[in-house]
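In: Got a sequence here, can you build the structure:
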Amino acid sequence: MRALLAPLAALALLAACVPPPPAPPAPSASRAPAFDLPPMRFFGESVPQRPLRPNAEMARNFLDLAFRLETGEDLPVLTRFDGPIPVALTGAVPPTAGPDLARLLDRLRSEAGIDIFQTAGPAAITVEFLPRRTMQAQVPQAACFVEPGVSSWAEYRALGRSGATDWTRLQRRERVAVFIPADTAPQEIRDCLHEEIAQALGPLNDLYELPDSVFNDDNFHTVLTGFDMLMLRAHYAPELANGMTRGAVAARLPAILARLNPAGEKSGPAAPPPTPRAFVRAMESALGPRGSLAARRSAAARAVAIVQARGWRDERTGFALYAFGRLIQSRDAAAAQAAFLGARAAFQAIPGADIQRAQTDLPLATFALSRGDARAAIEIARAAMPAARRSENAALLAELLRTEAAALRLLGRTGEAEALRLDSLGWARYGFGSGQDIANFEASFSALERLARGPQS
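Out: Below you'll find the predicted structure:
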């Protein structure tokens, strides 16, 4: 840790005059917007980022994703569905879930070549929606999750401890259930559909070293990428079959990837080394729901120390610094900005890491606004918006639009500011969901304006 503090301290000198951005006012439990909301905004056709890394590196990724669980347990054989794959929605299905599922299944058919479709009857993959409190009473740390060998919450509760839902015992996939809270934002529901259905179909692991995948607990990517579709297409390649060992798959994988992704037949820099469990545990503690803020800050600092000690210059470097900055922002604005600048520099060196840079640009735009530099805030926010749109991240897009609107208001361009504020609310309805969250989002717009005008306001 000490070795990392030197560059962070040097960067902090550049931000020494920056006050911490204020937290937006917390709404009351029953608060709803006291104004008419614009219609909810939706994304159109997906434009996924294509795979950019060499096939040899992605072959190693495939093996680590397909033959290991997030817990670190090894899977003895490859498993997948045989034949057409029907998917059903059950429970208290939210209104946006059906259209978002239809878009996802269309992409899986066209991009991954998987014979998958929605059904109202018995299904290979059943997506059940239930209250968040019900789900998290059983699995406290899960936003959503997937289980094999069951088709309902009741069946999972009955069989969960019997071994019937143990991925390591599977020889083939026949029935899988995905559990998603119904009372959450439309974007979170869509994100859960993408990641959990992808895991129901194929890879079960998450790797922090991946810069271009939803199979990464950093959650920068929220919809399936070109890399993810390539992994799924390879998982269902005719050269592979249920029951194949890691070695057997490894022998056939180079030819499969050469056929599916000829552009990846190239050399490249050395692949990032595997992520040690110490880093995984530190990030889980830093970002999880348990523990005090001080404990979470300490865990983030441990992750940053691991990054520095191992000399990484990859996705994990940027993510550790970004998480550290988020956690210390309310206590030490200068050090937080230094962490965000370090994260952005790390992401800048990674080809295709546009959404990571966009996430890091959001607090940097806010810092510019806090200095009264409205033009810099606008420049930073606008530069980040294309990546937010390409990655279909409505929550991030709403916050970037809100930041630009506050900066325009500071410049006296009130008509443009109001138009952007309304646009941001339309995206916020999809990104944040509930009336209470929208009210809080709108309150944060006023907080940003006060921040930009300084203490005299």
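
In: Leaving out chain neighbours, which residue sits closest to Leu422?
Out: What sits nearest to Leu422 in space, not counting adjacent residues and going by C-beta to C-beta, 6 or more residues apart in numbering, is Pro38, at 5.1 Å. Bear in mind the C-beta positions are built from the backbone N, C-alpha and C, glycine included.

In: so how many other residues sit close to the one you found?
Out: 15 (other C-beta atoms under 10 Å).

In: Check Gly44 too.
Out: Under the criterion other C-beta under 10 Å, the count of neighbours that Gly44 has is 8.

In: Would you mind measuring from it to Ala282?
Out: 39 Å (C-beta to C-beta, to the nearest Å).

In: Then Pro39?
Out: 42 Å.

In: Check Val87 too.
Out: Between Val87 and Ala282 the computed distance is 36 Å (C-beta to C-beta).

In: repeat for Gly243
Out: Using C-beta to C-beta, Gly243 is found at 36 Å from Ala282.

In: These two: which is more packed in?
Out: Looking at Gly243 and Ala282 with other C-beta under 10 Å, you find the greater number of neighbours at Ala282, namely 23 against 13.

In: Make sure the more buried one is actually in contact with Ser298.
Out: No - counting by C-beta atoms under 8 Å, Ala282 does not reach Ser298; the two are 9.1 Å apart.

In: Quick check: neighbours shared by these two?
Out: Common neighbours of Ala282 and Ser298 are not found (criterion: C-beta atoms under 8 Å, 6 or more residues apart in numbering).

In: Helices along the stretch 301-450 of the chain, start to end?
Out: 315-328, 333-348, 354-370, 374-390, 394-410, 414-431, 435-453 (DSSP state H, counting those that start in this stretch).

In: now the ones you listed in TSV, with mean neighbour count?
Out: Shown next, in TSV, are the helices of the stretch 301-450 of the chain (neighbours: other C-beta atoms under 10 Å):
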stretch	mean neighbour count
helix 315-328	25
helix 333-348	23
helix 354-370	24
helix 374-390	19
helix 394-410	26
helix 414-431	20
helix 435-453	19
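
In: Helix, strand, or coil at Val146?
Out: When classified by DSSP: H, G, I helix; E, B strand; the rest coil, Val146 comes out as strand.

In: Going forward, the N-terminal residue is numbered 58.
Out: Yes, from this point I'll number from 58; that puts the last item at Val203.

In: what's the distance between it and Gln256?
Out: In terms of C-beta to C-beta, Val203 sits 5 Å off from Gln256.

In: just Lys323 next, same as before
Out: Distance of Lys323 to Gln256, computed by C-beta to C-beta: 29 Å.

In: got a list of what Tyr406 touches?
Out: Not Tyr; residue 406 is Ala. Taking C-beta under 8 Å, 6+ apart, one finds Arg370 in contact with Ala406.

In: The one 10 residues further on now?
Out: Contacts for Gln416 were tallied using C-beta under 8 Å, 6+ apart; they are Phe277, Tyr379, Leu453.

In: Just the pLDDT for it.
Out: As predicted, Gln416 sits at a pLDDT of 97.

In: Which of the helices or strands spans Asp274?
Out: Using DSSP states H and E, Asp274 sits in no helix or strand.

In: if I read this right, it contacts Ala343, doesn't it?
Out: No - using C-beta under 8 Å, Asp274 is not in contact with Ala343; the gap is 11.1 Å.

In: more neighbours, the two?
Out: Applying other C-beta under 10 Å to Asp274 and Ala343 shows that Ala343 carries more neighbours, namely 23 against 17.

In: helix/strand/coil for that one?
Out: helix.

In: Same question for Arg107.
Out: Look at Arg107: counting by three-state DSSP, its state is coil.

In: The residue nearest to it when sequence neighbours are not counted: neighbouring residues, count only.
Out: Spatial nearest neighbour of Arg107, chain neighbours left out: Gly283 (4.1 Å); criterion: C-beta to C-beta, 6+ apart. By other C-beta under 10 Å, the residues close to Gly283 number 18.

In: For the stretch 58-207 of the chain, just list every one of the helices.
Out: So, for the stretch 58-207 of the chain - with DSSP H, counting those that start in this stretch - the helices run 59-71, 112-123, 154-169, 189-195.

In: For the stretch 108-257 of the chain, give me the ranges with low pLDDT.
Out: Residues of the stretch 108-257 of the chain that meet the criterion pLDDT under 70 lie in 217-220.

In: Kindly reformat the helices of the stretch 358-507 of the chain as TSV and extend each row with distance to Asn318.
Out: Shown next, in TSV, are these (distance: least, C-beta to C-beta, whole Å):
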stretch	distance to Asn318
helix 372-385	20
helix 390-405	24
helix 411-427	20
helix 431-447	20
helix 451-467	28
helix 471-488	32
helix 492-510	40
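
In: Compare those and give me the one nearest Ala181.
Out: helix 471-488 (28.7 Å; C-beta to C-beta).

In: If you count contacts, what does the closest one end up packed against?
Out: On a contact count with 3 or more C-beta pairs under 8 Å, 6 or more residues apart in numbering; DSSP states H and E, helix 471-488 meets helix 243-258, helix 451-467, helix 492-510.

In: buried ones in the helix or strand that the first one is followed by?
Out: Looking back up the chat, that one is helix 243-258. Counting by DSSP H and E, the element after helix 243-258 in chain order, helix or strand, is helix 283-292. Applying a neighbour-count criterion of 16 or more other C-beta atoms under 10 Å, one finds Gly283, Phe284, Asp285, Met286, Leu287, Met288, Leu289, Arg290, Ala291, His292 buried in helix 283-292.

In: Among those residues, which one sits closest to Arg334?
Out: For these, the nearest to Arg334 is Met288 (22.7 Å; C-beta to C-beta).

In: Model confidence at the closest one, what's the number?
Out: 98.

In: cool, Ala496 as well?
Out: Value listed for Ala496 in the pLDDT field: 77.

In: This completes my enquiry, with thanks.
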